[in-house]
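[1] predicted structure and sequence below. I'll ask about it afterward.
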Amino acid sequence: MDADVSTAISSHPAPHEDEARHPFLLALGERVRTLRSRRGMTRKAVALAADVSERHLANLEYGTGNASILVLLQVADALHCPLAELIGDVSTSSPEWLLIREMLAGRSEAELRRVRVAIGGALGQGQADTDAARRTRIALIGLRGAGKSTLGQRLADDLGYAFIELSREIEKFAGCSIDEIHNLYGTPAYRRYERRALEETIQIYPEVVIATPGGLVSDAANFNLLLAHCTTVWLQADPADHMGRVAAQGDMRPMAASREAMEDLKRILAGRSAFYSKAELHFNTSAYDGVDEAFAALRQQVRSLVDT
């Protein structure tokens, strides 16, 4: 008898049918069994390699064991697979996905960008926009207080373009404020309104400066849409300048607990910087003395992109 089969027969018995098991744990257990079978490993061999008891591994496979992250990491190492493949996401759902993951593993950011653009073209995403069309849609990204509204309006006036503050368009679609969207309907609804507003802006305005919400980059689908149709400019600022400008706009909430707010701001910036850095142009407004000086420098750099 095959060793894997014999181990399965002699292993910890399956739980009673009426025992409640969480769907996620059931799916996790199925993936562990599938990966183990794919590797041709017995349950005993995996348990030894993962330094866990065979009974513990059996519970995990049957969906009754709520294993810790460290145990799952040990099991993933024993099965020679990434933890993400064990836990499961869309990129582990089929052999094609796994082959694509393997091809992309270890690639540089520049290589991954070329692949992303090529995939977008192959799937018909962003094909309608040539580089020339993208150049006349300027999307300003960055945290609140970076100067997107102030500099965006002046930049649009200088270029003779329309100026769209995407947050205001989102509120028009929803019929309520941004805070009310989040409080009443939740983040998924907000992202849907954000996409509708972005799609309409792209469709209506061939020449436009768009001030985007700071969190747009957190949604991969919406950020991909923006990158496919717009030239992106990351407006940066020092954390203290971010907070001071928000307070100057009349929002004193960050000042109520300034130390905690500053730490939160730094964490948000750290979490989003890798996405903001995808922009074609990076511009630090804190490096200039006043709005006029910052605008003059930004105007010159943006015009060099538009006129290319």
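    In hand now; what should we look at? Numbers count the residues shown, from 1 in each chain.
[2] show me the shaky parts of the stretch 151-300 of the chain.
    249-259 (pLDDT under 70).
[3] and the stretch 1-150 of the chain, by the same measure?
    In the stretch 1-150 of the chain, residues with pLDDT under 70: 1-20, 93, 124-129.
[4] any idea how many residues pack against Leu26?
    14 (other Cβ atoms under 10 Å). Glycine gets a C-beta too; all of them are placed from N, C-alpha and C.
[5] ditto for Asp292
    Applying other Cβ under 10 Å, we find 10 residues neighbouring Asp292.
[6] quick check: phi and psi on it?
    phi -60, psi -40 (degrees, to the nearest 10).
[7] state the distance from it to Arg154.
    Asp292 is 9 Å from Arg154, where distance means Cβ to Cβ, to the nearest Å.
[8] then Leu26?
    Taken as Cβ to Cβ, the span from Leu26 to Arg154 is 57 Å.
[9] so where do the strands sit in the stretch 1-150 of the chain?
    Taking DSSP state E, counting those that start in this stretch, the strands of the stretch 1-150 of the chain run over residues 137-141.
[10] whoops, I mixed them up, the stretch 201-308 of the chain
    Counting by DSSP E, counting those that start in this stretch, the strands of the stretch 201-308 of the chain are 208-211, 231-236, 281-284.
[11] same for the first one, what does it pack against?
    To tie it back to what came earlier, the one meant is strand 208-211. strand 137-141, helix 148-159, strand 162-165, helix 166-174 (3 or more Cβ pairs under 8 Å, 6 or more residues apart in numbering; DSSP states H and E).
[12] okay if I get those as a markdown table plus distance to Ser94?
    Formatted as a markdown table, those follow (distance: least, Cβ to Cβ, whole Å):
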| stretch | distance to Ser94 |
| --- | --- |
| strand 137-141 | 33 |
| helix 148-159 | 40 |
| strand 162-165 | 39 |
| helix 166-174 | 35 |
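[13] which one of those lies nearest to Tyr276?
    strand 137-141 (5.8 Å; Cβ to Cβ).
[14] partners of the closest one, with directions?
    Sheet pairing of strand 137-141 (DSSP bridges) gives strand 208-211 (parallel), strand 231-236 (parallel).
[15] deepest-packed of the ones you listed, please.
    strand 208-211 (a mean of 26; mean count of other Cβ atoms under 10 Å).
[16] endpoint to endpoint, stretch 265-284 covers what distance?
    Distance across stretch 265-284, first residue to last, is 16 Å (Cα to Cα, to the nearest Å).
[17] may I see the buried residues of it?
    By 16 or more other Cβ atoms under 10 Å, the buried positions in stretch 265-284 come out as 265, 268-269, 272, 275-276, 278-281, 283-284.
[18] could you do stretch 281-300 as well?
    281, 283-285, 288, 294-295, 298.
[19] okay, those in CSV with distance to Tyr161 next?
    What follows is the buried residues of stretch 281-300, written out as CSV (distance: Cβ to Cβ, whole Å):
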residue, distance to Tyr161
Leu281, 16
Phe283, 17
Asn284, 23
Thr285, 20
Tyr288, 22
Ala294, 19
Phe295, 15
Leu298, 14
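[20] tell me who's in contact with Leu35.
    Each residue near Leu35 by Cβ atoms under 8 Å, 6 or more residues apart in numbering is listed here: 79, 81, 85-86.
[21] cutoff 10 Å now
    41, 46, 75-76, 78-81, 85-86, 92 (Cβ atoms under 10 Å, 6 or more residues apart in numbering).
[22] most widely separated two among the buried residues of stretch 265-284?
    Leu265 and Glu280 (24.8 Å).
[23] my guess is Thr150 meets Val209, correct?
    No: between Thr150 and Val209 no contact is recorded; they are 11.8 Å apart, counting by Cβ atoms under 10 Å.
[24] number of nearby residues for Trp97?
    14.
[25] now it: closest residue in space that isn't a chain neighbour?
    Distances taken as Cβ to Cβ, 6 or more residues apart in numbering put Ser91 closest to Trp97, at 4.9 Å, once the chain neighbours are dropped.
[26] how's the chain carved up into domains?
    3-101, 122-306 (automatic domain parsing).
[27] now the contacts of Leu35 as JSON lines including distance to Ile164?
    Below are those laid out as JSON lines (distance: Cβ to Cβ, whole Å):
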{"residue": "Met41", "distance to Ile164": "56"}
{"residue": "Val46", "distance to Ile164": "55"}
{"residue": "Val75", "distance to Ile164": "50"}
{"residue": "Ala76", "distance to Ile164": "46"}
{"residue": "Ala78", "distance to Ile164": "53"}
{"residue": "Leu79", "distance to Ile164": "49"}
{"residue": "His80", "distance to Ile164": "50"}
{"residue": "Cys81", "distance to Ile164": "45"}
{"residue": "Glu85", "distance to Ile164": "41"}
{"residue": "Leu86", "distance to Ile164": "44"}
{"residue": "Thr92", "distance to Ile164": "39"}
